[in-house]
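J.: Compute the structure for the input listed below.
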Amino acid sequence: MQVSALLRLRLTLWLTILVIATGCGNSGPSFKSTDITGADIAGDFHLIDHNGQPRSRSDFRGKVLVVFFGFTHCPDVCPTTLSQLALALKRLGPEAERVQVVMITVDPERDTPEVLKQYVTALDPRFLGLTGDAAAIAEAAKQFKVFYQKTTGGQTDYSIDHSASSFVFDPSGKLRLLVSSGQGAEVYAHDIGELLRTAKA
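T.: Numbers count the residues shown, from 1 in each chain. Model (predicted):
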C-alpha cells in the first residue's frame, strides 16, 4: 500500500509538471509570418514625418510598429500593403490604437511631406509617411538592409524597384517579424495581435 501510494504521488507530481509546462509553452506567441527575433538588422532612422516632425524609431516605443519602404507612385505593392494593413487594423478593433504603421519613402524627390500625407492617410488616418533627403533615406534603407533602385523612365515618370517586406517591432522596440509582400491582412492582424497579447502578459 505504501508503494502504491508513493507511485500515485509521483504520478500526480509528474502530471502537474506536465500541465504547467504545457501551459507555459502555449502562452508564447504563435506567428504566421517569419519570426526574426534577434536578427541584426533594422537599426534606427532619423527622418521627417508627413506633418514635418522629426522622427526616430524610439518615438514609437510602447506600440507595435510596422515599417515598410515604398513610394507614392508605386503601381501595386505599396497600395496593396497599405490596404492590407488598414484592413488588419480594422480587424484588431480598439487594440489598433496600440499600433503604428509607417511607410518610409524611397523616392524623396517626388514624395514631399504633403504628397505622403495624402497618400498614406487615404486608407487610414493613423498611418505615417516618412521622408528626408537622399542621404537620410539611403542610411535608413542600409539599417534595414532594404534594396531600392530607379528603373527606366524620364526625370519625373521613373519607377523604383525596392524590397517589399514589412518589419514588425513589438512594444518594447525589439524587431520581431518579417512579413512578406502578399501575405495578407489576416497574417498582419493575427501576428500583431499576438505581439499585443504577449506584451500584456
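J.: Residue 153 reaches residue 159, doesn't it?
T.: Yes: at 5.8 Å, residue 153 counts as touching residue 159 under the criterion of Cβ atoms under 8 Å. C-beta coordinates here come from the backbone N, C-alpha and C atoms, glycine included.
J.: Specify which residue of those two has the higher count of neighbours.
T.: residue 159 (15 against 11; other Cβ atoms under 10 Å).
J.: and that one, how far is that from residue 189?
T.: Going from residue 159 to residue 189 by Cβ to Cβ, to the nearest Å gives 30 Å.
J.: buried sites along stretch 137-147?
T.: Buried residues in stretch 137-147, counted by 16 or more other Cβ atoms under 10 Å: 137, 139, 140, 141, 144, 146.
J.: tell me which element residue 130 falls in.
T.: Using DSSP states H and E, residue 130 falls within strand 128-131.
J.: partner strands of that strand, parallel or antiparallel?
T.: strand 47-49 (antiparallel), strand 99-105 (parallel) (DSSP bridges).
J.: Using CSV, lay out these together with mean pLDDT and distance to residue 118.
T.: Shown next, in CSV, are the strands paired with strand 128-131 (pLDDT from 0 to 100; distance: least, Cβ to Cβ, whole Å):
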stretch, mean pLDDT, distance to residue 118
strand 47-49, 97, 14
strand 99-105, 98, 13
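J.: which residues sit against the helix or strand residue 190 falls within?
T.: Assigned by DSSP H and E, residue 190 belongs to helix 185-200. Defining contact as Cβ atoms under 8 Å, 6 or more residues apart in numbering, one finds that helix 185-200 is touched by 27-33, 64, 66, 83-85, 87-89, 91-92, 95, 98-99, 166, 168, 170-172, 176-177, 179.
J.: switch the cut-off to 7 Å
T.: 28-33, 64, 84-85, 87-88, 91-92, 95, 98-99, 168, 170-171, 176-177, 179 (Cβ atoms under 7 Å, 6 or more residues apart in numbering).
J.: Could you give the number of residues near residue 115?
T.: Neighbour tally, residue 115, other Cβ under 10 Å: 18.
J.: Contact partners for it?
T.: residue 72.
J.: Double-check that it belongs to a strand.
T.: No: assigned with DSSP: H, G, I helix; E, B strand; the rest coil, residue 115 falls outside any strand and is helix.
J.: and it, what pLDDT?
T.: pLDDT, residue 115: 97.
J.: what's the answer for residue 154, then?
T.: 72.
J.: so how far is residue 116 from it?
T.: 22 Å.
J.: Between these two, point out the one with more neighbours.
T.: Using other Cβ under 10 Å as the criterion, residue 154 and residue 116 rank with residue 116 on top: 27 against 6.
J.: tell me the contacts of the nearest residue to the more buried one once chain neighbours are set aside?
T.: Take residue 116 and drop its neighbours on the chain: the residue closest to it by Cβ to Cβ, 6 or more residues apart in numbering is residue 129, 3.0 Å away. With contact taken as Cβ under 7 Å, 6+ apart, residue 129 is in contact with 49, 50, 103, 105, 116, 117, 119, 120.
J.: which stretches of this protein form helices?
T.: Assigned by DSSP state H, the helices in the chain fall at 2-27, 77-92, 113-120, 134-144, 185-200.
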